[in-house]
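Asker: sequence and predicted model, in that order:
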Protein chains: 2
Amino acid sequence: MSNLALGSTDLNTTMTWCCQPLGKEELSAADSEKIAAMFKALSDPVRLRLFSRIAARPGGEACVCDIQDVGVSQPTVSHHLRKLREAGLLESERRASWVYYCVAPGVLAAMAGLLSQTS
Amino acid sequence: MSNLALGSTDLNTTMTWCCQPLGKEELSAADSEKIAAMFKALSDPVRLRLFSRIAARPGGEACVCDIQDVGVSQPTVSHHLRKLREAGLLESERRASWVYYCVAPGVLAAMAGLLSQTS
DNA sequence: CAAATGATTTGATGACTGTCAACATAGAGG
DNA sequence: CCTCTATGTTGACAGTCATCAAATCATTTG
């Protein structure tokens, strides 16, 4: 199994099709599963904070060592970063000793589109 | 305890202060708790579907009986609607025999603001 | 190679959550 | 008052999750 640019789930493909605002038309059962998974990834305070720390970084990327002081152990930080990556919200890349995480392209726009107003 | 226009949590007050985009500056521990609770409310497929059904309704409101066929039992629907209300995303009002739910004002805009792009 | 540093994985545990059946409440209409 | 319909509440249970300690993997450096 590769360890570079570790793959995300199919959420990026999700982005390309389900960007209809939530209030535009009723969600199908299948779509609601995928979108709920996205929100779920951001439904934990620690994960949300990690995500924000990365997103707020100039360049939109950060080394784990730069963001891991969020009040939980380092393995727990790693666990949350993995969840965010598996949800398609982050991507990771190893450079020498360090692993860098960045916000997956298009993710913020897709989520904002889901919540945009219709009226 | 009153049963009309059942009160929501302090999430509507949350909306008024924490609308800085996630990627603008790092979230504080306190803010991340409140915002995560918001995402958590939408992190379940059934809840997301109920929310979408209500939001997609002309007028932005729906009677429980109109939206409860989402594949789970009626008590479970009631349980999820309560969660959404407690999270500040929905408001409810009884009219005769029926209870109507509507999207809390400002909620969609606040969440969209959180996810808006900075660059 | 050996030691040190940065990060992930594994295993265990306590807490939380979605679900349903059964019961309770509220209003409408006989 | 009684019954019927529409919702909400309680209690129980199985599954999921966040967390940490310990072990492991990856890279750099002595």
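Answerer: It's in. Numbering: from 1, shown residues only, chains lettered A, B, ... in the order given.

Asker: off-centre distance for stretch A:26-36?
Answerer: The chain centroid and the centroid of stretch A:26-36 are separated by 18 Å, computed with CA atoms, centre = their mean, to the nearest Å.

Asker: that stretch close to chain B?
Answerer: Yes: Stretch A:26-36 reaches chain B (CB under 8 Å from any CB of the partner chain) through A:Glu26, A:Leu27, A:Ala29, A:Ser32, A:Glu33, A:Ile35, A:Ala36. The way it works is simple: take the backbone N, C-alpha and C, and place the C-beta from them, glycine included.

Asker: what about the fourth one, is that helix, strand or coil?
Answerer: Put simply, A:Ser32 is helix when judged by DSSP: H, G, I helix; E, B strand; the rest coil.

Asker: for chain A, what lies in contact range of DNA strand D?
Answerer: A:3, A:40, A:43-44, A:46-47, A:72-73, A:75-76, A:79-80, A:83, A:94, A:96-97 (CB under 7 Å from any atom of the strand).

Asker: about what we covered before: who wins for most neighbours among the residues of stretch A:26-36 next to chain B?
Answerer: The most crowded member of these, judged by other CB atoms under 10 Å in any protein chain shown, is A:Leu27 (26 neighbours).

Asker: ok, so what distance separates that residue from DNA strand D?
Answerer: Separation of A:Leu27 from DNA strand D (CB to the nearest atom of the strand, to the nearest Å): 19 Å.

Asker: which element is that residue on?
Answerer: According to DSSP states H and E, A:Leu27 maps onto no helix or strand at all.

Asker: what sits closest to it if chain neighbours are left out?
Answerer: Distances taken as CB to CB, 6 or more residues apart in numbering or on different chains place B:Ser52 nearest to A:Leu27, at 4.1 Å, with adjacent residues excluded.

Asker: fine by me, thanks again.
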